[in-house]
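Colleague: Sequence plus the predicted model coming up.
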Amino acid sequence: MSANVQKLCETTREKLKYAIEKMEAFLNHYALPQLLSEQDEEVTHFYQGFLSDLRHLLVFSEMSYEKLGVALRRATFNEDFAHKALYNVYHYGVNNFFYPKNESYSEDGRYAYTGQDAIRFRKKPVRPARDIILDITKVYEELRDDLTYYENDYLTERRMQNQV
């Protein structure tokens, strides 16, 4: 069991690394003025929320990446610590990607199996903003698939152990 959890930590960390690199590159290159093509209050508000959500996602992803690194570097693998780190990836990373606070985009499940992009934007974004989300969507979809156990089962198990 421990080897499976350790492998899951490794693959999760690799996926997060990719997403972090993409988000950092985007956020280091684009700020509000570069995204605004027009001075419209509604569009400005959209991009403010978009950038805020992306920054939060980056922070959550970096924190999870670091925790997984700690779990993997320990002399003896601590499975409980690893489970908690994986839970946090799901709870904070995956959920924040698919349910951004400012709702600049959302997932439309009707498109998930059609080969079309399942992400729908509230406003039509400029291409770089659209591309960063679509680029990292696959990572967070994979993480969601890999870590669905942590959505309910992990918490239920912890409650049963009275350790939450």
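Modeller: Looks like it came in fine.

Colleague: Distance of the residue in the chain sticking out farthest from the centre relative to Lys67?
Modeller: Most distant from the centre of the chain: Gln39, at 29.9 Å, with distances by Cα atoms, centre = their mean. Here the criterion is Cβ to Cβ, to the nearest Å. By it, Gln39 lies 41 Å from Lys67. Glycine gets a C-beta too; all of them are placed from N, C-alpha and C.

Colleague: And what about the residue farthest from the centre of the chain, helix, strand or coil?
Modeller: Under DSSP: H, G, I helix; E, B strand; the rest coil, Gln39 falls in the coil class.

Colleague: quick one, phi psi at it?
Modeller: With angles defined as degrees, to the nearest 10, Gln39 sits at phi -90, psi 80.

Colleague: mind listing the strands for this protein?
Modeller: 105-107, 119-121 (DSSP state E).

Colleague: Residues contacting the last one, please?
Modeller: Outside strand 119-121, the residues within contact range by Cβ atoms under 8 Å, 6 or more residues apart in numbering are Ser104, Tyr105, Ser106, Glu107, Asp108, Tyr111, Arg130, Ile133, Leu134, Thr137.

Colleague: Arg130 versus the fourth one, what's the distance?
Modeller: The spacing between Glu107 and Arg130, counted by Cβ to Cβ, is 14 Å.

Colleague: Kindly report the same for Leu35.
Modeller: Taking Cβ to Cβ, one finds Leu35 at 11 Å from Arg130.
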